[in-house]
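Visitor: Any chance you could fold what I've pasted below:
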Amino acid sequence: MLSYLAAALPLEVGATARLLAVQCALRATASGRLWVPVGLLRSMRLHHRPDPWRELEQTGWLIRLPAGSPLVVHCGVTAQLLDAAVLAQAPGRLNRAHAADGALRLTSCPALRTLAASDQLAGLALAAHLSAGSMHGVIEADRIGRVCAVASGALTLTLDRLVAARAVDWWSYDPRSEDITWALGPALASRHASVVARYTSVE
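Guide: Purely as a prediction, here's the structure:
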């Protein structure tokens, strides 16, 4: 889903809107309809922030739907994805719901939740691109940059901030292969392992 959003959303869409788009895409029905409860928006610190919604609307990726009553407005946001065809090729709704919850748990862990949205998105992307059972990963620098909408010059600063926050233990860049190699830090690795265990046991 991160790769899909990297292709579907223009580069100027900010990291906060991208994190919201992750939740929207993963929580939508097969027809693209979704309801985002206010509790989820509070946990993402978005319950009083209309700007990420406006960014996604201005790109033509979704529209917010009128609330049926004032009560609904206070309970959450109803929206319609305008690119719902992608969900036909995505995993089933239950698996997507698990992924949405896992993404929220990862970005709200102590190592990430106080960081900027761009750093949270990068931490989520690194965790999502790990092989099963591994805390080490390798990915093309251009690819991770596209997923996080981070320019190549800023990617090193982003990764350094993740190391300082102990979300990443270390990282390196190979100029020959143009790959980034990294290991999750203890705080994010522990949360990642608990998310994997939680949903492996459910399945």
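Visitor: can you give me how far the top helix by length along the chain is from the chain middle?
Guide: Using DSSP state H, we find that the single longest helix of the chain is helix 186-202. For helix 186-202, the separation from the chain centroid amounts to 16 Å (computed by C-alpha atoms, centre = their mean, to the nearest Å).
Visitor: So which elements touch it?
Guide: Other helices and strands packing on helix 186-202, by 3 or more C-beta pairs under 8 Å, 6 or more residues apart in numbering; DSSP states H and E, are helix 93-107, helix 117-128, strand 168-174. C-beta here means a position set from N, CA and C on the backbone, and glycine is covered the same way.
Visitor: Could you tell me which residues make contact with Val166?
Guide: Just so we're on the same page, residue 166 is Arg rather than Val. Contacts were defined as C-beta atoms under 8 Å, 6 or more residues apart in numbering; by that measure Arg166 touches Ala111, Gly185, Pro186, Ala187, Leu188.
Visitor: can you rerun that using 6 Å?
Guide: Contacts of Arg166 were listed using C-beta atoms under 6 Å, 6 or more residues apart in numbering, and they are Ala111, Gly185, Ala187.
Visitor: what angle do the longest helix of the chain and helix 117-128 make?
Guide: Orientation check (axes from the mean of the first three to the mean of the last three C-alpha atoms, to 10 degrees): helix 186-202 against helix 117-128 gives 50 degrees.
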